[in-house]
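> Could you look at this predicted model? Sequence included:
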Amino acid sequence: MHGTWAPSERIPSEAALAVELGVGRSSIREAIRLLARDGLLEVRHGVGTFVAAASELEHVDEF
């Protein structure tokens, strides 16, 4: 993992992220859920999880 993903890019699976980051899958799942709620990720069931499109990211407040 290089620290950034481009808009609309598919991110690694929950299992791959958990191994790479050394945390449990439940932590990854919760983080993805929160990021999707905030409009930063888009979860497509049966397909994968993607960084929100650039046009969608323009509407997200900076943290």
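Yep, it's here.
> Pick out the residue closest to the middle of this structure.
Leu41 (4.6 Å; Cα atoms, centre = their mean).
> Any idea what it is bridged to?
Beta-bridge pairing of Leu41 under DSSP bridges involves Val51.
> residue contacts, Arg44?
Phe50 (Cβ atoms under 8 Å, 6 or more residues apart in numbering). From N, CA and C alone the C-beta is placed, and that goes for glycine too.
> what about 10 Å?
Arg10, Phe50 (Cβ atoms under 10 Å, 6 or more residues apart in numbering).
> how close does Val43 sit to Gly22?
23 Å (Cβ to Cβ, to the nearest Å).
> So which residues of the chain form strands?
Along the chain, the segments classed as strands by DSSP state E run 41-44, 48-51.
> hang on, the earlier thing: Val43 and Gly22: which is more packed in?
Neighbour count, other Cβ atoms under 10 Å: between Val43 and Gly22, Val43 has more, with 12 against 7.
> pLDDT score assigned to that one?
Among the per-residue scores, Val43 holds a pLDDT of 98.
> Need the strands of the chain in TSV (columns: distance to Ser27).
Shown next, in TSV, are the strands of the chain (distance: least, Cβ to Cβ, whole Å):
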stretch	distance to Ser27
strand 41-44	15
strand 48-51	15
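> Of the ones you listed, give the one that comes closest to Ser8.
Within the strands of the chain, the stretch nearest Ser8 is strand 48-51; the backing value is 5.9 Å (Cβ to Cβ).
> nearest to Thr4, of the strands of the chain?
strand 48-51 (9.2 Å).
> Report the distance from the closest one to the chain centre.
6 Å (Cα atoms, centre = their mean, to the nearest Å).
> For that strand, which helices and strands make contact with it?
For strand 48-51, the elements it packs on are helix 25-37, strand 41-44, judged by 3 or more Cβ pairs under 10 Å, 6 or more residues apart in numbering; DSSP states H and E.
> can you rerun that using 8 Å?
strand 41-44 (3 or more Cβ pairs under 8 Å, 6 or more residues apart in numbering; DSSP states H and E).
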